[in-house]
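> Here is the input, now give the coordinates:
(chains A and B)
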Amino acid sequence: DAKTTQPPSMDCAEGRAANLPCNHSTISGNEYVYWYRQIHSQGPQYIIHGLKNNETNEMASLIITEDRKSSTLILPHATLRDTAVYYCIVRVRNAGNMLTFGGGTRLMVKP
Amino acid sequence: GAVVSQHPSWVICKSGTSVKIECRSLDFQATTMFWYRQFPKQSLMLMATSNEGSKATYEQGVEKDKFLINHASLTLSTLTVTSAHPEDSSFYICSARNRAGGAHEQYFGPGTRLTVT
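Numbers count the residues shown, from 1 in each chain, chains lettered A, B, ... in the order given. The predicted structure follows:
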């Protein structure tokens, strides 16, 4: 699985958009970008994934650059409950193997 | 959506005793379950991969005789920490891979916090 790089921490004001970047410059053509988050003392929660097109669901939007070397997770209206560690993971879909977690970005949403 | 449960959610045990943690997929069949460990302020580290009906595959540095994994059915995997020591205190998380596939394949349990005194 390709390695990812994320900033260790970010702050965001409540109600504003939170934009979390992820670099994955060694991504392969068949690797997807997955985002999970982990709220304190809970298991990771799936957020969204994509291959090359931008994706949106009820939780977030995922913007993937045209060269696929980086992506941004967007929480459009961050709330205090979005405070968590966000993990960007790149892997082949349906590979059956485990998810490899890096350091993630610790997002602090402030009132 | 797919739900994975863990039991217990937290446990305190004395040094030298054994503790069993259960991981269940509640509404799907899991061919593969993964066990992770997470120390404070650190990321999740994979401990082992278990496939239903076969022996678990352990990551380097994880003692298979200390962390016994059983995946006897498509909905249940157990992790037993034998002869627990304080350094085994950690947050243990399982994830299950849906046999039928699905949007993102793997679903995580809520975690079990183990404290060894």
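> CA atoms for contacts and neighbours, from now on please.
Noted.
> pLDDT-wise, which helix or strand of chain B ranks last?
strand B:106-108 (a mean of 88; mean pLDDT, DSSP states H and E).
> Just give me how far that strand sits from the chain centre.
The chain centre lies 12 Å from the centre of strand B:106-108; the measure is CA atoms, centre = their mean, to the nearest Å.
> Which residues does it contact?
Strand B:106-108 is contacted from outside by A:43-46, B:2-4, B:93-98, using CA atoms under 8 Å, 6 or more residues apart in numbering or on different chains.
> so of those, which ones are in strands?
Using DSSP state E, the subset of the contacts of strand B:106-108 located in strands is A:45-46, B:4, B:93-98.
> Serialize those residues to JSON lines and add fields for pLDDT.
Converted to JSON lines, the ones in strands among the contacts of strand B:106-108 look like this (pLDDT from 0 to 100):
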{"residue": "A:Gln45", "pLDDT": "93"}
{"residue": "A:Tyr46", "pLDDT": "91"}
{"residue": "B:Val4", "pLDDT": "95"}
{"residue": "B:Ile93", "pLDDT": "97"}
{"residue": "B:Cys94", "pLDDT": "96"}
{"residue": "B:Ser95", "pLDDT": "94"}
{"residue": "B:Ala96", "pLDDT": "91"}
{"residue": "B:Arg97", "pLDDT": "85"}
{"residue": "B:Asn98", "pLDDT": "79"}
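> Next one: A:Thr5 relative to chain B, how far apart?
To chain B, A:Thr5 is 14 Å away according to CA to the nearest CA, to the nearest Å.
> And the spatially closest residue to that residue that is not a sequence neighbour, how far from A:Gly104?
Nearest residue to A:Thr5 in three dimensions, chain neighbours excluded: A:Asn23, at 5.0 Å (CA to CA, 6 or more residues apart in numbering or on different chains). Relative to A:Gly104, A:Asn23 is positioned 12 Å away (criterion: CA to CA, to the nearest Å).
> any shared contact partners between the two?
A:Gln6.
> out of these two, which sits in the busier spot?
The neighbour comparison of A:Asn23 against A:Gly104 (other CA atoms under 10 Å in any protein chain shown) goes to A:Gly104, with 26 against 17.
> so who does the residue lying closest to B:Glu52 once chain neighbours are set aside touch?
Excluding the flanking residues, the one nearest B:Glu52 by CA to CA, 6+ apart is B:His71, at 5.0 Å. By CA under 8 Å, 6+ apart, the residues touching B:His71 are B:33, B:50-54, B:77-78.
> now swap in B:Ser43 and tell me
A:101-104.
> That one: which element?
Here B:Ser43 sits in a region with no helix or strand, counting by DSSP states H and E.
> how far away is it from A:Gly104?
8 Å.
> near chain B, which residues of chain A show up?
Residues of chain A found near chain B (CA under 8 Å from any CA of the partner chain) are A:41-46, A:49, A:94, A:96, A:98, A:100-104.
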